[in-house]
Each structure stands twice: as structure tokens, then as C-alpha cells.
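[1] could you look at this predicted model? Sequence included:
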Amino acid sequence: MPNPGRPPLSGHTRVVGVIGDPVAHSLSPALHNAAFEALGLDWVYVAFPVPRGRAAEAVAAVPALGLAGFNVTMPHKEDVAAACDELTPDAAALRSVNTVVAGRTRGDSTDGPGFLDALADDEIAVGGKPVLVLGAGGAARAVVLALGRAGAQVTVAARRPDAAESAAALAPGARVVALGAADPSGFAVVVNATPLGMSGGDPLPVDPGALRAGQAVVDLVYHPANTPLLTAARVQGALSVNGLGMLLHQAARSFTLWTGRPAPLDAMRAAATASLAGR
């Protein structure tokens, strides 16, 4: 089927976007505008640089400017959660929002469900399986919540015990171990939500020699596509998965919340791949 293309911008064009500080690096405009073009929708997605501390003003601008909504990236996710009229259960549990939908401003978090969607693409099952999550920041918390709801047996490993305990509380029965003591060999899935290993001289978050064939190792980093942890996982025979799938699927869920239409994932993936190739 030929690509219908997006209609010319006009006074009828629906506007969505992403707020962040900084935000110029975001892949989201490329992903969503490719999706609008693929479906022939009269929508446009733009990046809004919003300084730290002014997220509540951005939420208030949604009805004032007639926006259909927006995505949220660092450092605004918690402030946006506090400013929305209502929150979905995921956003309320995380106290964090990555998607705002217009009307009575409704805050949602599509990161965790998008993570599970990405695992499903790679036929990685987590229900009833032991899963190790490395890190306890915002992305890790969204992953832990989603894994818990999917029935995984979650263990959280982080440098700060209080942060690890807080993240583990999001998944029923989740355990906590110190990051340096985490042995990945007994887990079906290992998820890295830390930046460890990305800078020269940094240690990997786990002993690479303890990784093994038959397990999946997921790094939430999507650029570069091959992180040091994923390279080590492949050497050990494990399945390695980067964070591009999670990025695509969380965006696809936002797209559907705004438009009511299934997202054209192939078009979004092609746009992401092309954008990353130019970096």
C-alpha cells in the first residue's frame, strides 16, 4: 500500500510533542512524524524545551494551546505527575509520567508496558521466571512495576539500598541484593537499567563470565546498539537485546493514547534507525 503522506500543516493540524531539558536530542519527533505520515494523519509532533522547574506550566498549557498532549522526558516526569488532573494506576504507582493526554490532563507511564511489548517481540517470556533488574532509577522502577504485574520473580540490584528497596516494593515478593553481589547466572532474564560499562574504564554491572547461554540480557540503552554488556552476553551465548524496542513500543502506546489508532511500528522503527545512523 502506498504511503498516504501527511496533509499540509494548517489551522486544523493537531499538535503533540515532547518536553524536556535538554530535548533537542530526542528521537520522538522522528518516530511520531513518521507515524503520522504513514497513516496520513493531520498531526505534527515537535520538541518543546521546557526549563527545569517549569513542568507544571507546560501541563497548564495543554488546554490553553489546544494541544492533544505531550511526552515527557528528563527532568520533568515527577513534576508532571504532580501537575496532572488525574493519573493512570502505573503513573500513580511510579509517581512519574511520560505521556500526557488532553482533556482533563491525564498522566500515564507507557515505559513499563512498552518494555513488555519489546520482550514479546523477541519471544522473551517473564511470567513465573526469575528476572534480575540492575538499577533503581526511573527506568528501572517502570520495568520492575511491569515485571511484577506480568508475574515475574523480580530481584533488584542497586548501589543504594534505600532506592533498591523502594523499587522492589513495586513488584510483589521482589528481592533486593547489593549491586556488587548480584550473580546473574541464576536468572532467565537480566535487565540493565544502569549506565555502568558505557564510559572507558567503567566496570560492567555484573561479572560477564557469569552470563550464560539460555538467558536473555537486555540493556535499556539503545545508542550505541551494541553496549559492552550486550557484547559480553553474546560471547557467553546469551540472547542480547538493546533498548530500541522499548523506545519504539512506549512511543507506540503514546501514539495510540492520543490518536486512538494502532501505531505503524514499521514506519517508526525505520525512522529511528535512520535517525540513529546519522548520529
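    Ah, there it is. Numbers count the residues shown, from 1 in each chain.
[2] span of stretch 150-164 from start to end?
    20 Å (C-alpha to C-alpha, to the nearest Å).
[3] tell me the contacts of the residue nearest to A252 when sequence neighbours are not counted?
    Spatial nearest neighbour of A252, excluding adjacent residues (C-beta to C-beta, 6 or more residues apart in numbering): A263 at 3.5 Å. Every C-beta, even on glycine, is put in place using the N, C-alpha and C of the backbone. Counting by C-beta atoms under 8 Å, 6 or more residues apart in numbering, A263 touches A35, A251, A252, R253, F255, T256.
[4] work out for me the element A263 sits within.
    Of the helices and strands defined by DSSP states H and E, none includes A263.
[5] kindly report the same for A47.
    Here A47 is assigned to strand 43-49, by DSSP H and E.
[6] and the next helix or strand past that strand?
    helix 55-65.
[7] what angle sits between that next one and strand 43-49?
    Between the axis of helix 55-65 and that of strand 43-49 there is an angle of 150 degrees, by axes from the mean of the first three to the mean of the last three C-alpha atoms, to 10 degrees.
[8] got the CA positions of the helix or strand just after helix 55-65 in CSV?
    The helix or strand immediately downstream of helix 55-65 is strand 69-72, counting by DSSP H and E. Taking C-alpha atoms only, strand 69-72 is exported to CSV below (Å, rounded to 0.1, in the frame of the first residue of the first chain):
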residue,chain,number,x,y,z
GLY,A,69,-1.0,16.1,24.7
PHE,A,70,2.8,15.5,25.0
ASN,A,71,5.5,13.2,26.1
VAL,A,72,7.8,13.9,29.0
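[9] and strand 69-72, which strands flank it?
    If you go by DSSP bridges, strand 69-72 pairs up with strand 14-20 (parallel), strand 99-101 (antiparallel).
[10] which residues are in contact with that strand?
    Strand 69-72 is contacted from outside by 16-20, 28, 48, 55, 58, 62, 80, 97-102, 251, 254, 257-258, using C-beta under 8 Å, 6+ apart.
[11] any weak-confidence spans in this protein?
    The chain contains residues with pLDDT under 70 at 1-2, 200.
[12] show me the strands in this protein, by range?
    Ranges of strands in the chain, per DSSP state E, are 14-20, 43-49, 69-72, 86-87, 99-101, 106-108, 130-134, 153-158, 175-178, 189-192, 216-219, 239-241.
[13] can you list contacts of the shortest one?
    With C-beta under 8 Å, 6+ apart as the contact definition, strand 86-87 has outside contacts at A81, V97, R104, T105, R106, G107, D108.
[14] apply 6 Å and report the result again.
    Applying C-beta atoms under 6 Å, 6 or more residues apart in numbering, the contact partners of strand 86-87 are R104, R106, G107.
[15] ok, stretch 207-222 next?
    For stretch 207-222, contacts defined as C-beta under 6 Å, 6+ apart pick out 124, 139, 183-185, 188-193, 227, 229-230, 232-233, 236-244, 247.
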